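# Build the 3D model from these lines:
(one chain, ligands or ions: 1)
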Amino acid sequence: TMPDLTRLDLLRNACFVGGKWIAADTGEVIEVTNPATGETISTVPRMGADEAARAIAAAEAAGTNWAARTGKERAAILRRWYELMRDNRADLGAILTAEQGKPWEEAKGEIDYAASFIEWFGEEAKRVYGETIPGHQRDKRLIVFKQPVGVCAAITPWNFPAAMITRKAGAALAAGCTMVIKPASLTPLTALALCVLAEEAGVPPGVLNCVTGSAATIGGELTSNPTVRKVSFTGSTEIGKELIKQCADTVKRTSMELGGNAPFIVFDDADLDAAVEGAIASKYRNAGQTCVCANRLFVQDAVHDAFVEKLTARVATLKVAQGFEEGAQIGPLIDMAAVEKVETLVLDAVSQGATLVIGGARHGKGASFFQPTIVSGVTPAMLIFHEEIFGPVAPIIRFKDENEVFAMSNDTPFGLAAYFYGRDIGRVYRTAEALDFGIIGANTGLISTEVAPFGGMKESGHGREGSSHGIEDYLEIKYLCLSIA
Ligand code: ADP
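Got it, this is the predicted structure:
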């Protein structure tokens with residue numbers, strides 16, 4: 001179970017609106033459970049459209065003053081928020097593990113990663129540069145400057161309860177926008193804890209708001225209320241498409257970070273040990289529940305058997321355990337629906353001729369645990385080739401040559417992350433160019449950092465988070481044509 005928190009006040013069962021901690025109008029609550037045990041940790045308010053509208057109004061009221069501050073003033077507050085997150089990483093990580101399930105070490109790593117976005121965007125707040133354009137007429141001076149978009153909404157998923165919030169809120173607040181967050185109902189406690197620290201850091205009332213509750217009603221208000229000028233969403237492609245449609249009526253800007261189906265290619269000149277480590281990192285992190293997880297492992301003929309053997313040996317060492325157990329590496333899946341989905345995908349593959357190399361079934365640790373699994377002999381006829389697995393299962397596909405693997409890799413509506421291992425410099429570059437994915441790891445399985453642009457192509461979404469590009473999504477470009485005559 002959860003270790004004692006140093007700061008019990010980080011665990012909130014109220015929402016944060018206009019700088020106040022409030023309950024739902026109806027008094028109704030949602031239970032938050034620990035996916036490893038099914039036990040209830042706490043409750044949060046079940047809010048709806050009315051409370052969401054009030055949060056939007058609070059964000060609007062706070063907007064003028066927040067936007068008027070200098071970048072440096074906003075940066076100082078974000079810096080304090082960043083430091084508070086770092087100082088409280090153990091507590092925040094514990095809350096995160098309790099509600100999400102990932103190993104505590106990994107959860108603390110997520111808190112560091114999440115905090116890095118606040119640090120990064122605070123620094124970027126000072127560098128929102130415009131441009132001057134040589135006039136098209138003798139008496140004209142053309143000036144381009146950037147202004148905050150205004151009130152923004154963030155709808156975030158359960159797999160990264162901290163980082164998916166900070167990469168949106170950090171950029172928004174740095175740009176001078178204000179924000180209403182609707183965290184995933186499965187993992188709202190981390191979001192509320194981040195708000196406690198934001199308040200402590202000096203984020204003014206109304207600049208950051210968090211409402212928990214019904215996704216459809218709160219989401220409906222966030223996407224239809226004309227005051228909201230932008231919606232940033234991370235989650236499934238299915239819901240993302242719905243939100244884009246809902247935002248069309250008021251022509252809101254949207255940023256969409258949606259599903260993936262990442263290829264992980266091992267060429268015949270790869271360093272196989274490095275490729276195995278990369279596959280472990282990219283496939284099994286968070287028990288396979290990340291949108292950039294390797295989803296299809298393509299291995300070239302000549303090294304196929306050796307790679308499968310080495311990967312299997314390594315997978316056999318992974319420790320499946322509850323997140324607070326010492327040395328835990330693979331925690332539970334988020335819920336029973338996730339377990340059933342993974343099970344269905346494995347059964348479908350095996351029934352169509354794939355070979356179960358290791359794992360393949362539920363794990364004795366608890367109801368929602370699944371064994372780290374490898375299936376080989378996977379083909380495009382199988383469901384597992386096309387669906388986002390979101391579990392600790394590595395499907396292996398054998399390939400012969402470059403063009404074949406490029407075609408198979410791109411044979412998906414998704415385009416988020418892709419990975420490959422190989423040493424031939426020409427092929428490395430050809431591969432990076434040929435893969436229709438927004439994020440590419442060459443000879444590495446870990447690509448996420450606040451300093452680089454994260455985002456997808458095709459049905460994986462649009463917009464970029466992190467890097468100098470990340471703040472642009474929260475800025476309007478304004479052009480001033482000045483006559484000096
Ligand atoms: P996943 O469960 O894979 O993370 P979802 O797209 O189901 O992906 O959920 C991501 C976020 O979207 C969560 O915060 C969820 O509550 C929210 N959500 C789900 N359905 C809707 C909806 N109809 N409108 C707005 N938000 C939604």
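
# For the stretch 101-250 of the chain, give me the ranges with low pLDDT.
Applying pLDDT under 70 to the stretch 101-250 of the chain flags no residue at all.

# Just list whatever residues bridge to residue 355.
The partner list for residue 355 in beta bridges (DSSP bridges) reads residue 376.

# Go ahead and confirm it touches residue 378.
No. Using Cβ atoms under 8 Å, residue 355 makes no contact with residue 378, being 9.0 Å away. Backbone N, C-alpha and C define where each C-beta goes, glycine included.

# Comparing the two, which shows the higher neighbour count?
Higher neighbour count among residue 355 and residue 378: residue 378, with 22 against 13, using other Cβ atoms under 10 Å.

# which residues touch the nearest residue to residue 485 once chain neighbours are set aside?
Leaving aside its chain neighbours, residue 485 sits nearest to residue 139 (4.0 Å; criterion: Cβ to Cβ, 6 or more residues apart in numbering). Residue 139 sits next to 483, 484, 485 when contact means Cβ atoms under 8 Å, 6 or more residues apart in numbering.

# what do you get for residue 475?
Shown in contact with residue 475 (Cβ under 8 Å, 6+ apart): 128, 146, 147, 148, 149, 175.

# what's the neighbour count on the closest residue in space to residue 400 that isn't next to it in sequence?
Among residues not flanking residue 400 along the chain, residue 301 sits closest, at 5.7 Å (Cβ to Cβ, 6+ apart). Residues near residue 301, counting by other Cβ under 10 Å, number 11.

# Just to be sure, residue 81 is in a helix?
Yes. Counting by DSSP: H, G, I helix; E, B strand; the rest coil, residue 81 is part of a helix.

# if we can go back for a sec, between the contacts of residue 139, which is nearest the ligand?
The ligand has its nearest neighbour among the contacts of residue 139 in residue 483, at 46.6 Å by Cβ to the nearest ligand atom.

# quick one: the nearest residue to the closest one once chain neighbours are set aside from the ligand, how far?
Among residues not flanking residue 483 along the chain, residue 139 sits closest, at 5.5 Å (Cβ to Cβ, 6+ apart). The gap separating residue 139 from the ligand is 51 Å, by Cβ to the nearest ligand atom, to the nearest Å.

# and the residue of the stretch 51-200 of the chain found nearest the ligand, helix, strand or coil?
When scored by Cβ to the nearest ligand atom, the stretch 51-200 of the chain has residue 157 as its residue closest to the ligand, at 3.2 Å. What three-state DSSP gives for residue 157 is coil.

# Verify the stated contact: it with residue 184.
Yes. Using Cβ under 8 Å, residue 157 and residue 184 qualify as a contacting pair, with a distance of 5.2 Å.

# So the two - more neighbours on which side?
Neighbours were counted for residue 157 and for residue 184 using other Cβ under 10 Å; residue 184 has more, 24 against 20.

# ok, now which ones touch the more buried one?
Contacts of residue 184 (Cβ under 8 Å, 6+ apart): 156, 157, 158, 161, 235.

# tell me the two of those residues that are most distant?
161 and 235 (12.6 Å; Cβ to Cβ).

# per-residue confidence at residue 261?
At residue 261, the pLDDT value in this model is 98.

# That one: neighbour count?
The tally of other residues near residue 261 (other Cβ under 10 Å) stands at 27.

# Roughly how far does it sit from residue 446?
19 Å (Cβ to Cβ, to the nearest Å).

# repeat for residue 307
Residue 307 is 19 Å from residue 446, where distance means Cβ to Cβ.

# Residue 164 too?
17 Å.

# excluding its backbone neighbours, what's nearest the residue in the chain that the ligand sits nearest to?
The minimum distance from the chain to the ligand, using Cβ to the nearest ligand atom, falls at residue 219 (2.2 Å). Among residues not flanking residue 219 along the chain, residue 155 sits closest, at 6.0 Å (Cβ to Cβ, 6+ apart).

# mind checking pLDDT for residue 376?
pLDDT, read off for residue 376, is 98.

# so it makes contact with residue 309?
No. Here residue 376 lies out of contact with residue 309, judged by Cβ under 8 Å, at a distance of 10.6 Å.

# Among those two, which residue is more densely surrounded?
Using other Cβ under 10 Å, the more surrounded residue of residue 376 and residue 309 is residue 376, with 23 against 13.

# which residues touch the more buried one?
308, 354, 355, 357, 396, 398.

# for residue 187, same thing?
Here residue 187 is in contact with 32, 96, 99, 100, 158, 161 (Cβ under 8 Å, 6+ apart).

# And for residue 100?
By Cβ under 8 Å, 6+ apart, the neighbours of residue 100 are 35, 107, 158, 159, 161, 186, 187, 190, 334.

# Need those residues in JSON lines (columns: secondary structure).
Below are the contacts of residue 100 laid out as JSON lines (three-state DSSP):
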{"residue": "35", "secondary structure": "coil"}
{"residue": "107", "secondary structure": "helix"}
{"residue": "158", "secondary structure": "coil"}
{"residue": "159", "secondary structure": "coil"}
{"residue": "161", "secondary structure": "coil"}
{"residue": "186", "secondary structure": "coil"}
{"residue": "187", "secondary structure": "coil"}
{"residue": "190", "secondary structure": "helix"}
{"residue": "334", "secondary structure": "coil"}
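
# Which strand residues bridge residue 262?
Under the criterion used (DSSP bridges), residue 262 bridges to residue 294.

# neighbours around it, how many?
30.

# and what of residue 453?
Applying other Cβ under 10 Å, we find 15 residues neighbouring residue 453.

# hang on, isn't it packed against residue 464?
Yes. Between residue 453 and residue 464 there is a contact at 4.0 Å, judged by Cβ under 8 Å.

# Need the residues touching each of these two.
438, 470.

# In the stretch 201-350 of the chain, what residue spans correspond to strands?
Assigned by DSSP state E, counting those that start in this stretch, the strands in the stretch 201-350 of the chain fall at 208-210, 228-234, 253-257, 262-266, 294-300.

# ok and the third one relative to strand 228-234, angle-wise?
Angular relation of strand 253-257 and strand 228-234 on a 0 to 180 degree scale: 10 degrees, by axes from the mean of the first three to the mean of the last three Cα atoms, to 10 degrees.
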